[in-house]
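[1] here are the coordinates; sequence isn't available:
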């Protein structure tokens, strides 16, 4: 049966998606030859495609796309950009006619040449020479014939003769090539960013006190260098990566100390630890783990003390190999062996140690160990109470890890864990634990909502927080009630901004007012400052919806209030965030009031923020503040402060865009595009 236009369009979207995901760096020459050979033989193509129409169109599209990509990636690589750009311009203007098939007796080669002649006639004057029969411009003609001729053969073998479909497939192919180029650029940017992080960490090695101690203790420089790349891959934030590296070097030094000093547990253990230390000193951590595992198998039935000692050594090797699951398994085995009581409680207590250290010290590997320990605790749970607690712990660890990584998949797993916990922690049986898990679920859903289009996740978060407040009452647990009110206010504010809904924004304001009843400056100063910062952001959103200047004035007051407790010495990251937000408020207020002094205050706040928000340590936050400075320069330009301000605005914006691209953060590019539009429109307007 003939392939319809709708089916072909579906096939193209499927085919482009498959080839783009599977081979983002392009299709090789061998792949192109295979695809071309398949397309040339109609019967082989039919046999390959199968019998069902859906499978036929999928494979036809994939084969054609592979061939087109192969040509652009190999024979026509040098001219790929020009070829794609020129065909993108001429193809919509060139109608493919049914008469081509009849007049040329269904001969694919002849039809392709007739179509090429039609393109020559229909192309704009400036592009027409590229498609002429003889004027030296052969690359465009060769590319067109190289792609369309085998494609037409395949279409004819499938009795596909709808002209609009052919054009749609060809246009979609060119679009796919553009997307392929963008993916390649993004992949190159990510690789460049990884190499930059590796270089930064490598440059820091000799400056670290931990390195000197480790090398004096016998750790080779090569072993330390081997620690760098896995950490750079795993941890994108340079400051966090440096913390992880310092921790890993300390473990490596401890391994050597243990190998030298012995264990007082007999010659066998000491010999194993020496062999393990020698392997670890060269960075051969997997081999060291194998050595320890073999010793553990021998010792399991002989000596608890020796087994514990070997388990601790194995944990360190798993950590140096950045194997969180392996480390957690050895930790659980150790604490259960040591436990005097319930093994579940022993594993859960160890989970908390790793969770808090990962959270407070910014160690992502420790958070991964916490996730694995929580899962091991779940496997040991007996009864609804233990199972509910373990599932809640899994959700909490995944939430922290997902937030740090900006990983939606981890956040989805967190939400599923909390939902499973609610099947065990029912409201009737354990109301406050049920409320705690509802609050945790709300936080995960809110974070997912911020990373996801639409409003569904925000609405689900509001429902979860509202459920929590049914048991977290002000009289019963006032600080927990205030925390949930503050969380509810944040998600309501984000939802109001997304929907441009002032009624929802009023609900957010009421939630923050409620939180401040318990979060007073005297009783909980840092929490009070956090809610004040949230109030300031809510007032900025209120100005966007109402154009009321009083909202901006209130926002300035709220951010200044937050800075009373969020000091640079005590909480530098929060201080920098509040300074950035204060800069936003002064910028919008100064622009609205046409007040240069206010814009100068905005500049001072942004500059203060950037004393903490460094490119190497906090690339995303640094980029946002640089983008905000671009808008500030545009505002100053509008007030006649100098023509050069558009150039400095562009420099700020280019730096921000480069940082977002290097970190593979796509969600900010709509914002960047809007800021770019502000600059471009002013350049285009005569002064």
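    In hand now; what should we look at? Note that this is a predicted model, so its numbers are computed, not measured.
[2] please count neighbours and contacts with C-alpha atoms only from this point.
    Noted.
[3] grab the nearest non-local neighbour of residue 457.
    Sequence neighbours aside, residue 449 is the residue nearest to residue 457 in space, at 4.7 Å (criterion: C-alpha to C-alpha, 6 or more residues apart in numbering).
[4] and the one you found, how many residues sit next to it?
    Residue 449 has 22 neighbours, counted by other C-alpha atoms under 10 Å.
[5] now name the helix or strand holding it.
    Applying DSSP states H and E as the criterion places residue 449 in helix 431-450.
[6] again, but for residue 680
    For residue 680, the host element (DSSP H and E) is helix 669-684.
[7] pLDDT weak spots in the protein?
    Low-confidence segments of the chain (pLDDT under 70): 1-106, 119-138, 151, 154-187, 259-268, 298-303, 362, 616-618, 662-670, 686-687.
[8] what's the distance between residue 535 and residue 433?
    According to C-alpha to C-alpha, to the nearest Å, residue 535 and residue 433 sit 29 Å apart.
[9] ok, now which ones touch residue 636?
    Applying C-alpha atoms under 8 Å, 6 or more residues apart in numbering, one finds that residue 636 lies in contact with 596, 599, 642, 645.
[10] ah, wrong one, I meant residue 231
    With contacts defined as C-alpha under 8 Å, 6+ apart, the neighbours of residue 231 are 241, 244-245.
[11] most neighbours among these, please name it.
    residue 245 (28 neighbours).
[12] the helix or strand hosting that one packs against which elements?
    Assigning secondary structure by DSSP H and E places residue 245 in helix 238-261. Using 3 or more C-alpha pairs under 8 Å, 6 or more residues apart in numbering; DSSP states H and E as the contact test, the elements touching helix 238-261 are helix 163-205, helix 209-216, helix 221-234, helix 267-281, helix 304-320.
[13] what about the closest residue in space to residue 112 that isn't next to it in sequence, neighbour count?
    Leaving aside its sequence neighbours, residue 112 sits nearest to residue 149 (C-alpha to C-alpha, 6+ apart; 5.7 Å). A count of neighbours around residue 149, defined by other C-alpha under 10 Å, yields 20.
[14] show me the contacts for residue 149.
    Counted by C-alpha under 8 Å, 6+ apart, residue 149 has contacts 108-109, 112.
[15] which strand or helix spans it?
    Using DSSP H and E, residue 149 falls within helix 138-157.
[16] just give me how far that helix sits from the chain centre.
    40 Å (C-alpha atoms, centre = their mean, to the nearest Å).
[17] check contacts around residue 419.
    So residue 419 contacts residue 441 (C-alpha under 8 Å, 6+ apart).
[18] going forward, begin numbering at 551 instead of 1
    All set: I'll call the first residue 551, so the last point we hit is now residue 969.
[19] okay, the helices and strands packed on helix 788-811 in TSV with distance to residue 1096 next?
    Listed next are those as TSV, based on distance: least, C-alpha to C-alpha, whole Å:
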stretch	distance to residue 1096
helix 713-755	39
helix 759-766	55
helix 771-784	44
helix 817-831	63
helix 854-870	54
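[20] among the ones you listed, which comes closest to residue 1153?
    helix 713-755 (28.9 Å; C-alpha to C-alpha).
[21] quick one, helices of the stretch 901-1050 of the chain?
    914-930, 933-955, 958-974, 981-1000, 1006-1021, 1028-1049 (DSSP state H, counting those that start in this stretch).
[22] I'd like the ones you listed as JSON lines, with distance to residue 859 appended.
    As requested, the helices of the stretch 901-1050 of the chain are arranged in JSON lines below (distance: least, C-alpha to C-alpha, whole Å):
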{"stretch": "helix 914-930", "distance to residue 859": "20"}
{"stretch": "helix 933-955", "distance to residue 859": "27"}
{"stretch": "helix 958-974", "distance to residue 859": "34"}
{"stretch": "helix 981-1000", "distance to residue 859": "37"}
{"stretch": "helix 1006-1021", "distance to residue 859": "44"}
{"stretch": "helix 1028-1049", "distance to residue 859": "42"}
